[in-house]
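K.L.:
coords please:
(one chain, ligands or ions: 1)
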Amino acid sequence: MSSDLSQQKVEISVDGVSMIFGKKGKQVTVLQEISFDVYQNEFVSLLGPSGCGKSTLLRLMADLLQPSSGQIIIQKEHPREVRLRRKFGIVFQNPTLFEWRTVRENIELPLEVMGQDRSVYRTVVDQLLETVGLMKFKDYYPWQLSGGMQQRVAIARALSLDPPILFMDEPFSALDEFTKEKLQYELLEIKRKTNKTIVFVTHSIPEAVFLSNRILVLSAHPGRIHSIHPVELGEGRSLQMRESASFHAMTASIRNCFYEESGANENQIG
Ligand SMILES: Nc1ncnc2c1ncn2[C@@H]1O[C@H](COP(=O)(O)OP(=O)(O)OP(=O)(O)O)[C@@H](O)[C@H]1O
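P.N.:
Numbers count the residues shown, from 1 in each chain. From the prediction side, this is the model:
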């Protein structure tokens, strides 16, 4: 997408959102006055230390929680409407697959639930199996797959209804470094082919820089937007790009700005 955001269409608008957990007397403000837009086809990462409210913010966007104040609008509608019409897919850190269903059957599940015709969606599922590189494993059960393969199934399942938006909550953080890098690259390929809008939660600065068009850094207690960083590394990103001076400069600049202003513990952020 073009880096000139004034030319882009707003897909998600988060406006003055605060989130308070707990009952009277024991209330904790987890998010305070969060406002930002996500543009169509944009890859936005929510980056910050553990406990700053990244997952809470993603859950608010996905209508899994309701904000204490402020509002979220997705494609001009309340997240509830958008969720009911399956206009976004979600991938969590844990792939949450059904053990008794094969890879194909797990990917088919949302299509089945929506009452779509199997003869029609077979082709869709075949394409998704190709996209995530699991065609050879389509009849395997989740317990026969590695963690990375299971996460690929979860991604394919989230894409099965072809939603314009994908919400991803630390989807690669439980994977080894090699699998993580491979899946990060594959996710960019999927994004390039399908033009999804992606909101991605991570606490890894290199992961956010590699994947994103923009990075929203959150500070903790309460979670607030600390700073927003456009990532000017172009669209055609390769694994080799991680060794480039511009990549290192970008990660260093985010790390420095984060530590300078928040005084955060370096061990808290990757
Ligand atoms: N349902 C809940 N009830 C009460 N407190 C909650 C609830 N969900 C989250 N919290 C609190 O909100 C804060 C933010 O949690 P959240 O999971 O959003 O952070 P995070 O930035 O995603 O952290 P991590 O990177 O460790 O996953 C934490 O202090 C957490 O304990």
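
K.L.:
Could you use CA atoms for every contact and neighbour count after this?
P.N.:
Noted.

K.L.:
how close does residue 171 get to residue 85?
P.N.:
Taking Cα to Cα, to the nearest Å as the criterion, residue 171 is separated from residue 85 by 23 Å.

K.L.:
neighbour count winner among the two?
P.N.:
When neighbours are counted by other Cα atoms under 10 Å, residue 171 comes out ahead of the other of residue 171 and residue 85, with 25 against 12.

K.L.:
Which helix or which strand is home to that one?
P.N.:
Secondary structure assignment for residue 171, by DSSP states H and E: no helix or strand.

K.L.:
Show the contacting residues for the spatially closest residue to residue 141 that is not a sequence neighbour.
P.N.:
With Cα to Cα, 6 or more residues apart in numbering as the criterion, residue 141 has its nearest non-adjacent residue at 4.4 Å, and that residue is residue 102. Applying Cα atoms under 8 Å, 6 or more residues apart in numbering, we find residue 102 in contact with 138-142.

K.L.:
and what of residue 198?
P.N.:
Contact criterion Cα under 8 Å, 6+ apart gives 41-44, 165-168 as the residues in contact with residue 198.

K.L.:
likewise residue 196?
P.N.:
By Cα under 8 Å, 6+ apart, the contact set of residue 196 is 40-42, 163-166.

K.L.:
Could you dump these into TSV with pLDDT added?
P.N.:
TSV is the format used below for the contacts of residue 196 (pLDDT from 0 to 100):
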residue	pLDDT
40	95
41	94
42	95
163	95
164	96
165	97
166	97
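
K.L.:
Of the residues you listed, which belong to strands?
P.N.:
Taking DSSP state E as the definition of strands, these contribute 165-166.

K.L.:
Among the contacts of residue 196, list the two that are farthest apart in space.
P.N.:
42 and 163 (14.2 Å; Cα to Cα).

K.L.:
Compare these two and say which one has the larger neighbour count.
P.N.:
A count of neighbours by other Cα under 10 Å puts residue 42 above the other of residue 42 and residue 163, at 25 against 18.

K.L.:
need the contact list for the more buried one.
P.N.:
Shown here is residue 42, whose contacts under the criterion Cα under 8 Å, 6+ apart are 1, 196-198, 212-214.

K.L.:
need the helices for the stretch 101-250 of the chain, in chain order.
P.N.:
For the stretch 101-250 of the chain, helices defined by DSSP state H, counting those that start in this stretch occupy the ranges 103-113, 118-131, 147-159, 177-194, 205-211, 245-262.

K.L.:
Now do the buried residues in the fourth one.
P.N.:
Of the residues in helix 177-194, 179-181, 183-191 count as buried by neighbour count, 16 or more other Cα atoms under 10 Å.
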